[in-house]
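Engineer: build me a model:
(2 chains)
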Number of protein chains: 2
Amino acid sequence: MTRLPVRLEKNVYIAAAASAAGKNEAEGPLGSRFDVVSDDDRFGQDTWEKAESEMQRLALGRAAAKAGLTPDDIDAVFAGDLLNQCVASNYGLLSFGIPFFGLYGACSTAAEGLILSALLCGAGARRCAAVTSSHFCSAERQFRFPLEYGGQRTPTAQWTVTAAGAFILSEEKSDAVASGSPKAVPRIAAVMPGIVTDRGIDDLSNMGAAMAPAAADTLTRYFSAGADPDEFDLIVTGDLGREGSEILRDLIASTGRDIRRNHVDCGLMIYDVDGTDRHAGGSGCGCSAAVMAADILENVRAGVLKRVLFVGTGALMSPLTVNQKGTIPGIAHLCEITGEITEAK
Amino acid sequence: MTRLPVRLEKNVYIAAAASAAGKNEAEGPLGSRFDVVSDDDRFGQDTWEKAESEMQRLALGRAAAKAGLTPDDIDAVFAGDLLNQCVASNYGLLSFGIPFFGLYGACSTAAEGLILSALLCGAGARRCAAVTSSHFCSAERQFRFPLEYGGQRTPTAQWTVTAAGAFILSEEKSDAVASGSPKAVPRIAAVMPGIVTDRGIDDLSNMGAAMAPAAADTLTRYFSAGADPDEFDLIVTGDLGREGSEILRDLIASTGRDIRRNHVDCGLMIYDVDGTDRHAGGSGCGCSAAVMAADILENVRAGVLKRVLFVGTGALMSPLTVNQKGTIPGIAHLCEITGEITEAK
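Structural biologist: As a prediction, this is how the structure comes out:
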């Protein structure tokens, strides 16, 4: 079943979403839309790792509050992040006491969590949550160089976003209406998990090139099952950046389809890329999570976007295996989101 | 739903399971039961990380062969391991081209993968696979000390098992019968995800103490929903080791229940602990996966075990956060496995 998109038989709604973001992100084009922002990227904590955990806690807490829910109302949470052993998630969500599934999907984790939450809601859970985060300072130290080293970045390098996003999925449409008076309610109509794809990229500073083939594979499988790119108001990848987005558009064009009209990338939406130090754009689990929560889903709720494909992309890169001359496999998970007009409007 | 055990509405069978194991494990009490063993723990590879990937590949390939299946017959695979960025799984399963969900549950990953595979089969997938691994050499280097350092181990330390296990779950009972002529077919009757639990343990060499409270929490929630420990032929934890097993039995006893009669731990089954250098017993994602695949499930298929609780336990420990004076949270995921007598016998 999963090689084709899985069309959900039951209705599964995104009841609420919330985001927490850092200073650079708050100064970007979407700055005013994040639910919580921090002036110093520390969120009151004494380490970057704890700051990242705190962002997850704030995001899930805010999402639950929007939908008028308590942690007891949520049957399971799917969470992951970029840190070794996914510590931002393990510690960040501890206080909620919700049954916990740990994920590792690199920057595709938001989409992976949405897929599994949707499937579990379809299988009988009342409500599930998907939460993820990334932090520039904790990620640079772990994956590349300590910030104090002051290394120069290449033009293809992406900038790890300091942000977290949380989504609460529910079988109850009323949960989604509870948070404000939306014109439409985002529903997950179909999901398609990605297949790990390796095209031999081994440059830690060019993740876009490692992820683009995986995104092309997932989208091509999805379109081949009977959909056309033009059916969608938006095809949102997260996060290929400038380099990877160009490669994806070219790869899709080579299959005879065109996504240039309606393709956007979360990594290019979260920063004003030109003229800043963000090079190829944003990346990190928190990037697509925060952009989806703060922008895309709000536009679905406002009735502006009616049908969206969200393709979460991850570079499954490891400094260790790259040092062992290994390559960087990519993966891309897809969710089809539709806006279901609420009856009250 | 998930706070109580989820009883699966559809029948989901463990169609096949297979294991790959290293030299020390092959010399242990279960040595003759592993499907593939390696004399030098390298499995023909030039790094330990690649050896671990190769174990995953061998285990899933062998499990598929037992059930007479090809990769195309499997709709999704859930996989994870202990290595940073879960590289053993990312690379190890690449060649199968199966839609991939990456997990991080530390040593509980086998149980986490079984739960999600069972839920997805119940939600419409034909077949799903759960795969996990660990390798003594890659884990020691990453979590504690490089082997060359020759550090002395404490008595509470566990020994990371070099092994992988793979499970194929299916809605089709015929898949399970295809692999040999079992007296009974293992069926996943109920699942219960764990809640992250932190009791303040901060000793990297005493993971049993960090995990035991999580196992007690999950088992107590499970029993409170209306089951008695005596209903089960076996309550299998993996992997608390000697220290953690004692703590778990005491914690359960403090709730007025007794599991001393039928509790076993995979970490104490895989090695002849007394008289060897294994201290508190085995650990690592591969430990419970290999013991379940090679021993427990075979005894279910032979009709010897009729009803088993498998509680996969994980220490969500991170060297980084322990160095930051953090503690080690634990988690424990539960699967109830019953043997369904085959009609042919």
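Engineer: pull up the residues of the stretch 51-200 of chain A that are close to chain B.
Structural biologist: A:75-76, A:80, A:83-87, A:90-91, A:93-94, A:97-106, A:112, A:115-116, A:119-120, A:122-126, A:192-196, A:198 (C-beta under 8 Å from any C-beta of the partner chain). From N, CA and C alone the C-beta is placed, and that goes for glycine too.
Engineer: among these, which lie within strands?
Structural biologist: Judged by DSSP state E, those include A:76, A:80, A:100-102, A:192 as members of strands.
Engineer: report the two of those residues separated the most.
Structural biologist: Using C-beta to C-beta, the pair of those lying farthest apart is A:Phe100 and A:Met192, separated by 24.6 Å.
Engineer: run through the neighbouring helices and strands of the lengthiest strand in chain A.
Structural biologist: Assignment by DSSP E gives strand A:330-341 as the longest strand of chain A. With contacts taken as 3 or more C-beta pairs under 8 Å, 6 or more residues apart in numbering or on different chains; DSSP states H and E, strand A:330-341 sits against helix A:109-122, strand A:184-192, helix A:207-224, helix A:297-301, strand A:307-315.
Engineer: ok so, going back, buried subset of the residues of the stretch 51-200 of chain A next to chain B?
Structural biologist: Neighbour counting by 16 or more other C-beta atoms under 10 Å in any protein chain shown classes A:75-76, A:80, A:83-87, A:90-91, A:93-94, A:98-106, A:112, A:115-116, A:119-120, A:122-126, A:192-196, A:198 among these as buried.
Engineer: quick one: the residue of the stretch 151-300 of chain A found nearest chain B from B:Phe101, how far?
Structural biologist: Closest residue of the stretch 151-300 of chain A to chain B, C-beta to the nearest C-beta: A:Pro193 (4.0 Å). With distances taken as C-beta to C-beta, to the nearest Å, A:Pro193 is found 6 Å from B:Phe101.
Engineer: between the two, what contacts are shared?
Structural biologist: Here A:Pro193 and B:Phe101 have A:112, A:115, B:76 as joint contacts, going by C-beta atoms under 8 Å, 6 or more residues apart in numbering or on different chains.
Engineer: the first one contacts A:Gly105, doesn't it?
Structural biologist: I take that to be A:Glu112. Yes. Taking contacts as C-beta atoms under 8 Å, A:Glu112 lies within contact range of A:Gly105: 4.0 Å.
Engineer: so which bits of the longest strand of chain A are buried?
Structural biologist: A:330-340.
Engineer: same thing with stretch A:237-255?
Structural biologist: Neighbour-count burial for stretch A:237-255 flags A:237-249, A:251-252 (criterion: 16+ other C-beta under 10 Å).
Engineer: got it, and stretch A:31-38?
Structural biologist: For stretch A:31-38, using 16+ other C-beta under 10 Å, the buried residues are A:31, A:33-38.
Engineer: first-to-last residue distance for it?
Structural biologist: 11 Å (C-alpha to C-alpha, to the nearest Å).
Engineer: contacts for that stretch, please.
Structural biologist: Contacts for stretch A:31-38 (C-beta under 8 Å, 6+ apart): A:18-23, A:25-26, A:44, A:51, A:55, A:58-59, A:62, A:163, A:290, A:293-295, A:298.
Engineer: give me the distance from stretch A:256-270 to the chain's centre.
Structural biologist: On the basis of C-alpha atoms, centre = their mean, to the nearest Å, the separation between the geometric centre of stretch A:256-270 and that of its chain is 15 Å.
Engineer: now do stretch A:167-184
Structural biologist: Put simply, stretch A:167-184 sits 20 Å off its chain's centre (C-alpha atoms, centre = their mean).
Engineer: keeping just the C-alphas, turn it into CSV.
Structural biologist: C-alpha atoms of stretch A:167-184 as CSV (Å, rounded to 0.1, in the frame of the first residue of the first chain):
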residue,chain,number,x,y,z
PHE,A,167,1.1,19.7,15.3
ILE,A,168,-1.9,18.0,16.9
LEU,A,169,-3.8,15.7,14.7
SER,A,170,-7.4,14.6,15.6
GLU,A,171,-10.3,12.7,14.3
GLU,A,172,-12.5,15.5,15.6
LYS,A,173,-13.1,18.4,13.4
SER,A,174,-14.4,20.3,16.4
ASP,A,175,-10.8,20.3,17.8
ALA,A,176,-9.6,22.2,14.8
VAL,A,177,-12.5,24.8,14.9
ALA,A,178,-11.8,25.3,18.6
SER,A,179,-8.6,27.2,17.8
GLY,A,180,-10.0,30.4,16.3
SER,A,181,-12.7,30.5,13.7
PRO,A,182,-11.0,29.2,10.6
LYS,A,183,-12.6,29.4,7.2
ALA,A,184,-11.2,26.0,6.5
